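> Give me the fold of what follows.
(one chain, ligands or ions: 1)
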Amino acid sequence: MMNGRRVLLIVGGGIAAAKAPALIRLLRKAGVAVSPVLTRAGAEFITPMTLSVLAGEACQTDLFDASREAEIGHIQLSRNADLVVVAPATADLMAKMATGAADDLASTLLLATDKPVLIAPAMNVRMWHHPATQRNLAMLRRDGVLMAGPDDGEMACGEFGTGRMAEPEAIMGAIRDHLGDGPLKLLPEAKVAAGPLAGRHVIVTSGPTHEPIDPVRYIANRSSGAQGTAIAMALRDLGAKVSFVTGPADVPPPDGVEVIRVETAMQMREAVETALPADAAVMAAAVADWRVANASGQKIKKDGSGQLPVLEFTENPDILAWVSQLGAGRPRLVVGFAAETHDVIAHATAKRARKGCDWIVANDVSPATGIMGGTENSVTLITADEAEEWPRMGKDAVARILASRIAEALA
Ligand code: C5P
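Below is the predicted model:
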């Protein structure tokens with residue numbers, strides 16, 4: 001799945017640099033090419049030679065060698081990769097990234113890249129909890145930087161707390177989440193049972209609704225159900241019990257979830273009500289705003305008189321707003337979607353407030369983006385305190401990352 005992809009791996013200065021070789025081995029085993037870059041501080045912990053040998057490519061270390069600049073093309077280096085991984089990401093590297101400082105090779109590459117960046121922070125627990133690091137972290141999240149770890153545990157310095165770098169296998173999992181643009185694969189039951197969402201119930205709505213005009217005709221929209229289906233699969237792969245309430249979508253519903261098929265918005269509302277209670281609800285369906293009030297029980301006939309049928313409309317229930325505003329039975333986390341064609345963040349932020357949901361996943365579906373009906377998505381996650389612009393990625397990758405954020409929020 002990741003075969004043929006390339007990761008630019010920046011190794012910062014910290015004892016966790018010792019785990020870089022294991023990460024390189026895992027990447028190479030998965031068929032991923034690795035361009036290693038070592039910071040000056042990183043070189044105190046591990047040699048460029050070790051990284052070069054394992055990666056099978058020269059490890060870059062020095063920016064200020066003008067003669068080599070022409071050969072290597074550092075900017076190019078940062079753009080040839082599919083993903084930039086910083087492991088370990090020290091407090092210092094995070095600060096540089098957050099402010100856009102570029103005074104060495106690693107920070108210059110991070111400023112020059114137009115590719116998604118994933119960091120695996122590693123530092124002393126006090127440095128991690130320092131307001132400056134937390135501020136930088138919030139900034140990086142807002143910039144769409146992806147994260148793996150840090151873990152809790154004993155530190156090299158003897159203290160205990162948050163700040164240990166995630167294990168190479170976990171970083172690899174996060175990389176797979178991102179680079180694995182291929183179809184989501186259902187994980188085996190045993191693996192799922194131990195996932196972070198095990199024991200949680202999540203309702204996902206997906207697809208369009210069909211609003212009948214008569215027994216053979218209906219009003220619909222172009223939603224394919226692809227993003228909602230991917231989200232249901234990703235949640236299930238993290239161990240959640242998923243109630244998947246779907247309108248008549250183009251893509252088949254996933255295995256491993258409870259599928260509840262509906263046609264109309266009214267039926268979708270009822271199905272959601274029946275599926276409650278839930279820990280979280282993700283409303284990805286494109287629910288019709290109106291239904292035909294004077295739908296006919298019999299096929300409307302063209303009787304030759306030249307008289308045209310007149311449709312009257314009535315408003316459908318807003319399922320997202322209804323779930324968001326439930327009292328006692330409200331899921332702890334309610335996520336809505338907003339497809340916009342302009343002023344995406346402003347409109348989606350207003351929608352979040354209006355509907356009363358916790359998060360809105362907003363995307364720009366203006367025709368120029370090619371997102372509608374495509375395999376990629378470019379979303380902004382709007383929460384109570386910020387708008388995070390995620391890099392453009394496959395719909396499956398969006399689903400995996402959203403699912404892991406949901407797991408974090410419910411933890
Ligand atoms: O208001 P708008 O349709 O743009 O909002 C989109 C969000 O609201 C989506 O999450 C969609 O699933 C949800 N929605 C709903 N019921 C409706 C209309 C929209 O749940 N009747």
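> And the pLDDT at the residue of the chain most remote from its centre?
Within the chain, the residue lying farthest from the chain centre (C-alpha atoms, centre = their mean) is residue 305, at 55.5 Å. Per-residue confidence (pLDDT) for residue 305: 88.
> How many neighbouring residues does residue 327 have?
Residues within reach of residue 327, counting by other C-beta atoms under 10 Å, total 5. Every residue, glycine included, has its C-beta placed from N, CA and C.
> so how far is the ligand from it?
As judged by C-beta to the nearest ligand atom, to the nearest Å, residue 327 and the ligand stand 18 Å apart.
> Residue 158 now?
Distance, residue 158 to the ligand, using C-beta to the nearest ligand atom: 49 Å.
> does residue 203 really touch residue 281, like I thought?
Yes: under the criterion of C-beta atoms under 8 Å, residue 203 makes contact with residue 281 at 4.5 Å.
> Next, show the common contact partners of the two.
Between them, residue 203 and residue 281 share these contacting residues under C-beta atoms under 8 Å, 6 or more residues apart in numbering: 272, 331.
> Send over stretch 75-85 as PDB, restricted to the C-alpha atoms.
Listed next in PDB are the C-alpha coordinates belonging to stretch 75-85 (Å, rounded to 0.1, in the frame of the first residue of the first chain):
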ATOM      1  CA  ILE A  75      14.200  22.700  -1.400                       C
ATOM      2  CA  GLN A  76      13.800  19.900  -3.900                       C
ATOM      3  CA  LEU A  77      14.600  17.400  -1.100                       C
ATOM      4  CA  SER A  78      11.700  18.800   0.900                       C
ATOM      5  CA  ARG A  79       9.300  18.500  -2.000                       C
ATOM      6  CA  ASN A  80      10.200  15.100  -3.400                       C
ATOM      7  CA  ALA A  81       8.800  13.400  -0.400                       C
ATOM      8  CA  ASP A  82       5.200  12.300   0.100                       C
ATOM      9  CA  LEU A  83       5.400  13.000   3.800                       C
ATOM     10  CA  VAL A  84       7.900  14.800   6.100                       C
ATOM     11  CA  VAL A  85       8.400  13.000   9.400                       C
END
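> Buried residues in it, which are they?
Buried residues in stretch 75-85, counted by 16 or more other C-beta atoms under 10 Å: 77-78, 81-85.
> Give me the residue ranges of the stretch 301-411 of the chain where confidence is low.
Residues of the stretch 301-411 of the chain that meet the criterion pLDDT under 70 lie in 372-373.
> so how many other residues sit close to the spatially closest residue to residue 340 that is not a sequence neighbour?
Using C-beta to C-beta, 6 or more residues apart in numbering and skipping the chain neighbours, the partner closest in space to residue 340 is residue 347 (4.9 Å). Using other C-beta under 10 Å, residue 347 has 16 neighbouring residues.
> Pull out the buried residues from the helix or strand harbouring residue 347.
Secondary structure assigned from DSSP states H and E places residue 347 in helix 344-355. Across helix 344-355, burial judged by 16+ other C-beta under 10 Å covers 344-345, 347-349, 351-352, 355.
> Just send the residues you listed back as a markdown table, with distance to residue 374 too.
Shown next, in a markdown table, are the buried residues of helix 344-355 (distance: C-beta to C-beta, whole Å):
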| residue | distance to residue 374 |
| --- | --- |
| 344 | 17 |
| 345 | 21 |
| 347 | 21 |
| 348 | 20 |
| 349 | 25 |
| 351 | 23 |
| 352 | 25 |
| 355 | 26 |
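> will you turn these into TSV that also has distance to the ligand?
Shown next, in TSV, are the buried residues of helix 344-355 (distance: C-beta to the nearest ligand atom, whole Å):
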residue	distance to the ligand
344	12
345	14
347	9
348	9
349	13
351	6
352	10
355	6
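> can the helix ranked longest in the chain be found next to the ligand?
Identified as the longest helix of the chain according to DSSP state H is helix 395-410. No: Helix 395-410 is not in contact with the ligand by C-beta under 6 Å from any ligand atom; minimum separation 12.8 Å.
> Just give me how far that helix sits from the chain centre.
Here helix 395-410 shows a centroid-to-chain-centroid distance of 5 Å under the convention C-alpha atoms, centre = their mean, to the nearest Å.
> contact partners of it?
146, 177-178, 180-184, 195-197, 200, 202, 226-227, 230-231, 233-235, 237-238, 240, 279-280, 282, 332-333, 335, 358, 361, 375-377, 379, 381, 390, 393.
> Tell me which of those residues fall in helices.
Secondary structure from DSSP H places 177-178, 226-227, 230-231, 233-235, 237 of the contacts of helix 395-410 in helices.
> Do you know the pLDDT at the residue lying closest to residue 17 once chain neighbours are set aside?
Nearest non-adjacent residue to residue 17, counting by C-beta to C-beta, 6+ apart: residue 45, 4.0 Å away. Residue 45 is assigned 94 on the pLDDT scale.
> Could you list the residues of the stretch 101-250 of the chain in contact with the ligand?
Residues of the stretch 101-250 of the chain lying near the ligand by C-beta under 6 Å from any ligand atom: residue 205.
> thinking the residue nearest to residue 17 is in contact with residue 13, fair?
Yes: with contacts counted by C-beta under 8 Å, residue 45 reaches residue 13, the gap being 6.3 Å.
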